[in-house]
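Enquirer: Got a predicted model here, sequence first, then my questions.
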Amino acid sequence: MISQIIDEYTIEKLRSLINGAQRIAITCHKSPDGDALGSTLALCHILRRIGKEAVVVTPDMAPKSLEFIPGVRDLIVYTKHEARARLVLNDAQLLFCLDFNSMKRIDRLNEIIEPLKVKRVLIDHHLDPDKDSFNLMISHPEASSTCELVFRVIMQLGLLRLMDRMAASCLYVGMLTDTGGFAYSCDNPEFYEIVASIVRRRFDRIMLYNKAMNTFSADSLRLQGYAINEKMQLFREHGAALITLSKQELERYNYNRGDTETLVNKPLAIPEIYWSVFMREDADKIKISCRSQGDFSVSDICARYFNGGGHENAAGGDFIGSLDEAVGVFHQILKDLFPDKEQSEQSEQ
Ligand code: 5GP
Ligand code: MN
């Protein structure tokens, strides 16, 4: 039995917001991942099936590695189609905000959305949503993914009969990728009941699994090999690992967005390592990605040191400055969190 975790009042409010809107826009965070794309595209598809003019507007492009998700080609990408994005958002009678907790996460797309009067509905599973930014909030940090929440919203609205192969494929990709292939954040048995319900829609599950979890370009595989072989630093006494990749190193392997998506998880395979940090030098900032196991919260670290956040075991943020300076912050974190441990003696490459 899949329980109704969203309260009845919220569902009725949502039903009336949807009933009162014909043109509906849906957005997600910048650098969209499988969960952001899967949840927005599934919701868009279901809304179209009930006769709405629904569109997905993303702050920037989907990575090449996720172009297989059904509907990705129809996205209105702000950095590519600014005028069209402006038009549909200005025209929208309802706006869904999926898979992010603060308007900071949609980057410059917020310049269009901020002044709009349109009602905003949040569906998200990140900690500490910014309450003032949304008119209706469906925020469940205990959920595996926003895709799980979109399933629950569709179910509680009584629209599951419209869940076809396409919507199910999208939700499957998000639930799969946000849990690292059903590995973490999926302890609730209901998670698997939802997967069962989705899988009944008879999409090509193995093909999607392979594309989502096990498809990399040769360059990407080589870059990951290089990063692990030559760039992974272990701080065994602190249970920590650090990988950094400079712009130059990324260029050497013809880096495309998405190529390093799961790299930060790799050091956690080592038994003593329970938190891992990856720093990637982008054009204008250092992108930080953190993962952990158990009750060591990387979202606290990202909030405190990297102007970011996320989930307890998977979080991220930005650092404005050089890669070396960002590494300096990492060492400061080690000092702050483990004041009694001597870094230089016990760290190892
Ligand atoms: P990733 O490491 O895959 O980029 O992100 C891991 C998690 O941290 C995701 O849930 C993502 O939403 C969150 N996250 C990543 N980057 C940022 C950021 O810059 N700010 C905030 N608040 N969260 C982030
Ligand atoms: Mn997510």
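Expert: In hand now; what should we look at? Numbering: from 1, shown residues only. Ligands and ions are numbered 1, 2, ... in the order given.

Enquirer: What parts of the stretch 1-150 of the chain come near ligand 2?
Expert: Asp35, Asp99, Thr146 (CB under 5 Å from the ion). Where C-beta positions appear, they are placed from N, C-alpha and C, glycine not excepted.

Enquirer: One more pass at 8 Å, please.
Expert: Within the stretch 1-150 of the chain, the residues that sit near ligand 2 (CB under 8 Å from the ion) are Asp33, Asp35, Ala36, Ser39, Asp99, Asp124, His125, His126, Ser145, Thr146, Cys147.

Enquirer: Which ones among the residues you listed lie within helices?
Expert: Judged by DSSP state H, helices contain the following of these: Asp35, Ala36, Ser39, Thr146, Cys147.

Enquirer: May I see the residues you listed organised as CSV, with pLDDT and neighbour count added?
Expert: CSV is the format used below for these (pLDDT from 0 to 100; neighbours: other CB atoms under 10 Å):
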residue, pLDDT, neighbour count
Asp35, 98, 29
Ala36, 98, 29
Ser39, 99, 34
Thr146, 98, 32
Cys147, 99, 35
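
Enquirer: so how many other residues sit close to the closest residue to Leu323 other than its chain neighbours?
Expert: Closest residue to Leu323 apart from its sequence neighbours, by CB to CB, 6 or more residues apart in numbering: Glu281 at 4.9 Å. The number of residues packed near Glu281 is 19, by other CB atoms under 10 Å.

Enquirer: Report the contact partners of Glu281.
Expert: Thr244, Leu245, Ser246, Lys247, Leu250, Leu323 (CB atoms under 8 Å, 6 or more residues apart in numbering).

Enquirer: okay but the last one is in contact with Phe278, surely?
Expert: In this case it means Leu323. No. Using CB atoms under 8 Å, Leu323 is not in contact with Phe278, being 11.7 Å away.

Enquirer: Overlap of the contact sets of those two?
Expert: Joint contacts of Leu323 and Phe278 (CB under 8 Å, 6+ apart) are Thr244.

Enquirer: Of these two, which one has the most company?
Expert: Neighbours per residue (other CB under 10 Å) separate Leu323 from Phe278, with Phe278 holding more: 25 against 17.

Enquirer: what is the mean pLDDT for the helix or strand where the more buried one lies?
Expert: Phe278 belongs to strand 275-281 when assigned by DSSP states H and E. On average, the pLDDT along strand 275-281 is 98.

Enquirer: what packs against the following helix or strand past it?
Expert: Sequence-wise, the next helix or strand downstream of strand 275-281 (DSSP H and E) is strand 286-292. When contacts are defined as 3 or more CB pairs under 8 Å, 6 or more residues apart in numbering; DSSP states H and E, strand 286-292 packs onto strand 275-281, helix 298-305, strand 314-319, helix 323-337.

Enquirer: circling back to that earlier point, just the buried members of the contacts of Glu281?
Expert: Thr244, Leu245, Ser246, Leu250, Leu323 (16 or more other CB atoms under 10 Å).

Enquirer: I'd like to know how far the second one sits from ligand 1.
Expert: Using CB to the nearest ligand atom, to the nearest Å, one gets 14 Å for the distance from Leu245 to ligand 1.

Enquirer: Could you do the fourth one as well?
Expert: Distance from Leu250 to ligand 1, counting by CB to the nearest ligand atom: 15 Å.

Enquirer: what residues are up against that residue?
Expert: Leu223, Arg280, Glu281.

Enquirer: between these, which is closest to Ile138?
Expert: Arg280 (31.6 Å; CB to CB).

Enquirer: I'd say that closest one and Glu261 touch.
Expert: No. Counting by CB under 8 Å, Arg280 does not reach Glu261; the two are 10.6 Å apart.

Enquirer: Determine the three-state secondary structure at Arg86.
Expert: helix (DSSP: H, G, I helix; E, B strand; the rest coil).

Enquirer: how deep is Leu136 tucked in, by neighbour count?
Expert: By the measure other CB under 10 Å, the count of residues near Leu136 is 15.

Enquirer: what ranges of this structure fall below the confidence cut-off?
Expert: Applying pLDDT under 70 to the chain picks out residues 343-349.

Enquirer: can you pull the contacts of the residue most central in space within it?
Expert: Ranked by distance to the mean C-alpha position of the chain (CA atoms, centre = their mean), the top residue is Asp33 at 4.9 Å. For Asp33, the contact set (CB under 8 Å, 6+ apart) comprises Leu66, Asp99, Thr177, Asp178, Glu261.
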